[in-house]
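S.K.: Attaching a predicted model along with its sequence, questions to come.
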Amino acid sequence: MPPNDFLINIEKSARRGALFFRDLTKIKSTDEDKKRREVILTILLLISICLFAAAILVSFVDSLTVSKTSYQNNSLSILAIVLILLLLLFLYLLLKKGFLKVAAYVFVSIFFLLATYMAYHWGADVPAGLAFYMLTITMSGILINSRSSFSIAILISLTLIILSWLQKNSFVITSSYWRIQKMDLSDSIMLAIIFNIIATISWLSNREIEKSLLRAKNSEAELKNERDLLEINVRERTKELQQAQIEKMMQMHRFAEFGRLAGGLFHDLMNPLTAISLIFENNKINYDNKSKIKEMITNLGIAQKSRLRIDKLIASVRKQMSDQKISENFSLNREIDETIQILAYRARKNRVSMIFKARQKIKIVGNPVKFNQIVTNLVANSIDSYAPVKGNDIPSRKVEIELAKLGKTVSLTVRDWGAGIPADDMEKIFEPFFTTKKFQEGLGIGLPLVKEMAEEYFNGQIKVESAENKGSTFTFTFTPKL
């Protein structure tokens, strides 16, 4: 046979042997504690089956070289070993059927009976019997439970006491030839095997416990990771829900603002509409009068300006209601002018004058709608900071809007001398749904909306200085794309 074929056959044989051993030691229990005990009992049964099979072979070989009387006595011991081997095979099959507890009890009982037989036949102090008793106590604690090891230890103690008393008083005659003979090699091998079995059991038990602990630690770590991940997901989901809620409330806020601005808008629209109506009525009357043509042309120019005024007002309101993602070149001054126009009626109603100060024209690239919304919210809040008054005799009430540029930084300042903000509320004014106004007057999302738009769309920041009953100053600073 070529060397390569020989190596291939050896590899195949080794693979078949590994598969056969894996099938023999296959574990069916899913519970960690039962699984550990099943592993240990399976290995012990296989080891015991191999040892008793070897013992039968050795006894059979010895029977070929001994006398007839010795052969008859040895036949009895071979028969006992064969019966034990068959019982062990039955226990292995029982274990594979799932009867772990029954197999464990019977297995421990076999070794207890073997040790008791040795103690009865050769004396209670025979070393092999005592070693088997030690093995029995160890196996009962590992294969059954800790309490059973104490129970079996008590049973063994009572058995040794009774056998010692019976043997001492000659009720039981023992074979004591081993006491006058030196320990031979077979006795030493027997004790060594028992001690190694005890060590193997302890090692298997500790190994399975360590595996269980490692699995528990891994499970704990995975559980912790899942818990942390769940907390992160919950936080993210909560944040998403809050954001969605805020966005819905912002939409409601824009509609509410539109409702509040509608009165002023209609009031401002009435003047140009009335002018247009009167102009067309006047032109209709003078239609046949050629001397009035120049006057009619002038009236049409006034009507055109009125129409442009209406378009401008409508465009300003449309910006307030839109939520478009825009990036274009626009004039900050123009957006502020439009805000002043759209809030003019609201300011007149509160008897507030709006003053816009700008040292220069500033144009940037960005979202004009968002900038318009920031200005509108800040100016509207300043107008609302003044308490309603009755009568004509009122002090000066004004809102100053100042636009400035220092280097690359643009600042928008909105200042009033109204009610101001209490010191206890200063840290809350940018929190969603916090408001000091009545429910029908505000939803508490104007300033949070301003802060979010300032940071998200302009990479800027909002600062506020305020004192109760002395007014407030809001400053929006950012570095735009020019």
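M.R.: Received the coordinates, thanks. For clarity, every value in this text was computed on a predicted model and none was experimentally measured.
S.K.: Check the gap between the residue nearest to residue 174 when sequence neighbours are not counted and residue 85 for me.
M.R.: Spatial nearest neighbour of residue 174, excluding adjacent residues (CB to CB, 6 or more residues apart in numbering): residue 123 at 4.5 Å. Using the backbone N, CA and C atoms, a C-beta is placed for each residue, glycine as well. The spacing between residue 123 and residue 85, counted by CB to CB, to the nearest Å, is 26 Å.
S.K.: ok, now residue 365?
M.R.: Per CB to CB, residue 365 is found 93 Å from residue 85.
S.K.: again with residue 399
M.R.: For residue 399, the distance to residue 85 equals 104 Å [CB to CB].
S.K.: tell me the contacts of the residue nearest to residue 174?
M.R.: 129, 167, 174, 176, 179 (CB atoms under 8 Å, 6 or more residues apart in numbering).
S.K.: thinking again about what came up before, higher neighbour count, residue 365 and residue 85?
M.R.: Taking neighbours as other CB atoms under 10 Å, residue 365 and residue 85 compare with residue 85 leading, 18 against 11.
S.K.: Got phi/psi on the more buried one?
M.R.: phi -60, psi -40 (degrees, to the nearest 10).
S.K.: got a list of what it touches?
M.R.: 49, 52-53, 56.
S.K.: hey, where'd the helices end up in this structure?
M.R.: 3-24, 32-63, 68-96, 100-122, 127-143, 146-168, 177-180, 185-285, 293-321, 332-342, 344-349, 368-384, 446-458 (DSSP state H).
S.K.: For the nearest residue to residue 426 once chain neighbours are set aside, give its distance to residue 411.
M.R.: Leaving aside its sequence neighbours, residue 426 sits nearest to residue 466 (CB to CB, 6+ apart; 6.8 Å). Separation of residue 466 from residue 411 (CB to CB): 17 Å.
S.K.: who's more crowded, those two?
M.R.: More crowded of residue 466 and residue 411, by other CB under 10 Å: residue 466, with 20 against 15.
S.K.: The more buried one contacts residue 425, doesn't it?
M.R.: No - the pair residue 466 and residue 425 fails to qualify as a contact (CB atoms under 8 Å) at a distance of 9.1 Å.
S.K.: first to last residue in stretch 460-475, what's the distance?
M.R.: Stretch 460-475 has an end-to-end distance of 10 Å (criterion: CA to CA, to the nearest Å).
S.K.: contacts for that stretch?
M.R.: Contacts for stretch 460-475 (CB under 8 Å, 6+ apart): 378, 381-382, 385, 411-423, 426, 429-430, 447, 450-451, 454-455, 476-479.
S.K.: Stretch 411-419 now?
M.R.: 332, 336, 374-375, 378-379, 381-387, 397-405, 468-477.
S.K.: Next: stretch 205-219.
M.R.: 32-33, 35-36, 39-40, 142.
S.K.: any idea of the pLDDT on residue 296?
M.R.: As predicted, residue 296 sits at a pLDDT of 62.
S.K.: wait, residue 20
M.R.: With respect to pLDDT, residue 20 has a value of 49.
S.K.: Throw together a ChimeraX command that grabs the buried residues out of the contacts of stretch 411-419.
M.R.: Buried residues among those (16 or more other CB atoms under 10 Å), as a ChimeraX selection:
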select :332,336,374,375,378,379,381,382,383,384,385,386,397,399,400,401,402,403,405,471,472,473,474,475,476,477
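S.K.: thinking again about what came up before, what's the closest of the contacts of residue 85 to residue 157?
M.R.: Nearest to residue 157 among the contacts of residue 85: residue 52, at 27.4 Å, using CB to CB.
S.K.: burial measure for the closest one, as a count.
M.R.: Neighbours of residue 52 under the rule other CB under 10 Å: 19.
S.K.: Now residue 118: closest residue in space, sequence neighbours ignored.
M.R.: residue 129 (3.5 Å).
S.K.: so who does the one you found touch?
M.R.: 115-116, 118-119, 122-123 are the contacts of residue 129 under CB under 8 Å, 6+ apart.
S.K.: From residue 123, how far off is it?
M.R.: Noted for residue 129: a distance of 8 Å to residue 123, by CB to CB.
S.K.: now residue 466, which residues is it bridged with?
M.R.: Listed by DSSP bridges, the beta-bridge partners for residue 466 are residue 472.
S.K.: That one and residue 455: what is the separation?
M.R.: In terms of CB to CB, residue 466 sits 20 Å off from residue 455.
S.K.: now residue 204
M.R.: With CB to CB as the criterion, residue 204 and residue 455 are 64 Å apart.
S.K.: Residue 236 too?
M.R.: Distance from residue 236 to residue 455, by CB to CB: 19 Å.
S.K.: Which one's more surrounded, those two?
M.R.: Using other CB under 10 Å, the more surrounded residue of residue 236 and residue 455 is residue 455, with 13 against 10.
S.K.: What spatial separation is found between the more buried one and residue 362?
M.R.: 20 Å.
S.K.: And residue 143, by the same measure?
M.R.: Using CB to CB, residue 143 is found at 87 Å from residue 362.
S.K.: Those two: which has the busier surroundings?
M.R.: Using other CB under 10 Å, the more surrounded residue of residue 143 and residue 362 is residue 143, with 24 against 18.
S.K.: now that one, nearest residue through space, not along the chain?
M.R.: The shortest distance from residue 143 to any non-neighbouring residue, by CB to CB, 6+ apart, is to residue 104 (4.2 Å).
S.K.: What is the neighbour count of that neighbour?
M.R.: 24.
S.K.: my read: it touches residue 141, true?
M.R.: No - look at residue 104 against residue 141 with CB under 8 Å: they stay out of range, at 11.2 Å.
S.K.: if I look at residue 218, how far off is residue 211?
M.R.: For residue 218, the distance to residue 211 equals 10 Å [CB to CB].
S.K.: Which one's more surrounded, the two?
M.R.: Neighbour totals were compared for residue 218 and residue 211, and residue 211 leads with 14 against 10 (other CB under 10 Å).
S.K.: Just the CA trace of stretch 118-129, in CSV.
M.R.: Output in CSV follows, covering the C-alpha atoms of stretch 118-129 (Å, rounded to 0.1, in the frame of the first residue of the first chain):
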residue,chain,number,x,y,z
MET,A,118,-14.9,-5.7,50.1
ALA,A,119,-15.3,-4.5,53.7
TYR,A,120,-17.5,-7.6,54.5
HIS,A,121,-15.2,-10.1,52.8
TRP,A,122,-11.7,-8.7,53.7
GLY,A,123,-12.4,-6.5,56.7
ALA,A,124,-13.8,-3.1,57.4
ASP,A,125,-10.3,-1.6,57.2
VAL,A,126,-9.3,-3.0,53.8
PRO,A,127,-7.7,-0.1,51.8
ALA,A,128,-9.5,-0.8,48.5
GLY,A,129,-12.9,-0.8,50.3
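S.K.: What residues sit buried inside it?
M.R.: Buried residues in stretch 118-129, counting neighbours by 16+ other CB under 10 Å, are found at 118-120, 122-124, 126-129.
S.K.: Residue ranges in this structure under the pLDDT threshold?
M.R.: 1-30, 59, 62-77, 183-187, 189-190, 249-326, 390-395, 433-445, 482 (pLDDT under 70).
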